[in-house]
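[1] kindly generate the corresponding structure for this input.
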Amino acid sequence: MEEIPASYFKIEEFQFESGEKIQEAPVEYRTTGKPSLDDMGVIDNAVIYIHGWSGDCSSVRRIAALTEPGGALENFFVISISSLGSPGSASPSTTAMGKDFPEYTILDMVNFQRQFLDEKFGIRKVRGVIGTSMGGFQALQWAAEYPDEMEFLIPLVTSWQVRGINYALFSYMNHLIEGDPEFRAGTRPERALSLASMLMYLHGLSREYYQGLENAELESSMMDMGSEGALMDPYDVIWRNRAAMKHDLSGKLESIRARTLIFGVNQDRYFPPELDTIPMAQLIPKAELVLFDSECGHLGVNEIGKYNEIIVSFIGGD
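    Numbering: from 1, shown residues only. Predicted coordinates for the structure are as follows:
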């Protein structure tokens, strides 16, 4: 897939659930495909892709097999937005507000996307929303809070709530950073950020994957992840984790009216199917569920192209 350059837009004013507001909020986004217009001149073939915890709008490459010729989304206008709180769009680091950036919720992240779509493209209803991991939190919340704004929903390796090991991981990462002497002194806590990133790496893949690595390879991979993590902004990480830790759509999934196709990976250690995707499929009216095996565990989502025909059939069912 040819790398598509990012584009930028500014929301004149964005208001958070808390009532706080920011002005001139930047939005980073990428589009693939061509828009089609209805009789009123409004784009009627938009599909939104929402990236995961550490991604940005370029993460749309994860579904490249679906957007390329012959892919299930080749005739759609796919819009991928760097989420609220992620570098590129309005975040503690991008705005240089740091700790003064308003704390946000998953619903704020959804409303940020909705406001952007309306102001930039005049889109108030999309054909579908696809969300990976934390992007799935947003996709599910969108479908539950605004059930008439999409026709189909495809959550990938995600859940309707954060609890158990996921809650503990997000919390532990924040403890690492907030307890670091450098952070408390107002300087960049590179070591804590590095350790937090290593922690995420140790759960992203299957046990079989790690077992297949030599110890030296595992050490090298851990250090690479740590080096990448050290470049993150601490407030970006803390605020994002706090938003994730509050994610809970219990009692709301029954409101979803979009046709729903859920994908889960049997070896996903973040969202094991028996704890997350299977119960979620039972809670969403008429949801369809596809489970598959991948040694890549949570990152098996990158293999979604193997299920192109299933997605073609699902989308064609509307």
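
[2] show me where the stretch 51-200 of the chain has strands.
    77-81, 126-132, 150-156 (DSSP state E, counting those that start in this stretch).

[3] turn these into a markdown table, columns for mean pLDDT, mean neighbour count and distance to Glu17.
    (C-beta placed from N, C-alpha, C; glycine too.) As requested, the strands of the stretch 51-200 of the chain are exported to a markdown table (pLDDT from 0 to 100; neighbours: other Cβ atoms under 10 Å; distance: least, Cβ to Cβ, whole Å):
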| stretch | mean pLDDT | mean neighbour count | distance to Glu17 |
| --- | --- | --- | --- |
| strand 77-81 | 98 | 26 | 19 |
| strand 126-132 | 98 | 26 | 19 |
| strand 150-156 | 98 | 24 | 21 |
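
[4] would a markdown table of those with distance to Ala243 be doable?
    Converted to a markdown table, these look like this (distance: least, Cβ to Cβ, whole Å):
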| stretch | distance to Ala243 |
| --- | --- |
| strand 77-81 | 16 |
| strand 126-132 | 14 |
| strand 150-156 | 17 |
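
[5] go through these and name the closest to Phe112.
    strand 77-81 (8.1 Å; Cβ to Cβ).

[6] so what secondary structure elements neighbour that closest one?
    strand 21-32, strand 46-50 (3 or more Cβ pairs under 8 Å, 6 or more residues apart in numbering; DSSP states H and E).

[7] gap between that strand and the chain center?
    Mean-position distance between strand 77-81 and its chain equals 13 Å (Cα atoms, centre = their mean, to the nearest Å).

[8] also stretch 213-224?
    Stretch 213-224 sits 27 Å away from the centroid of its parent chain (Cα atoms, centre = their mean).

[9] where does pLDDT dip in this protein?
    1-2, 317-318 (pLDDT under 70).

[10] gap between Pro272 and Asn266?
    8 Å (Cβ to Cβ, to the nearest Å).

[11] same check, this time on Pro285
    24 Å.

[12] try Ile81
    30 Å.

[13] who has more neighbours, Pro285 and Asn266?
    Using other Cβ atoms under 10 Å as the criterion, Pro285 and Asn266 rank with Asn266 on top: 15 against 12.

[14] who are the contact partners of that one?
    273, 291-294 (Cβ atoms under 8 Å, 6 or more residues apart in numbering).

[15] pull out the buried residues from these.
    Among these, the ones that count as buried by 16 or more other Cβ atoms under 10 Å are 273, 294.

[16] got TSV for the contacts of Asn266, with distance to Ile262 too?
    TSV is the format used below for those (distance: Cβ to Cβ, whole Å):
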residue	distance to Ile262
Pro273	10
Leu291	9
Phe292	12
Asp293	16
Ser294	16
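
[17] among the contacts of Asn266, which lie within strands?
    With strands taken from DSSP state E, the overlap with the contacts of Asn266 comprises 291-292.

[18] wait, which of the contacts of Asn266 is closest to Leu199?
    Among the contacts of Asn266, and counting by Cβ to Cβ, the member closest to Leu199 is Ser294, at 21.3 Å.

[19] tell me the one of the contacts of Asn266 nearest Ala72?
    In terms of Cβ to Cβ, no member of the contacts of Asn266 lies closer to Ala72 than Phe292, at 16.0 Å.

[20] how far away is the closest residue in space to Ser133 that isn't next to it in sequence from Ser58?
    The shortest distance from Ser133 to any non-neighbouring residue, by Cβ to Cβ, 6 or more residues apart in numbering, is to Gly52 (3.5 Å). Distance of Gly52 to Ser58, given as Cβ to Cβ: 12 Å.

[21] and if you look at Ala25?
    20 Å.

[22] between these two, which has more neighbouring residues?
    Comparing Ala25 with Ser58 by neighbour count (other Cβ under 10 Å), the higher total belongs to Ala25, at 21 against 17.
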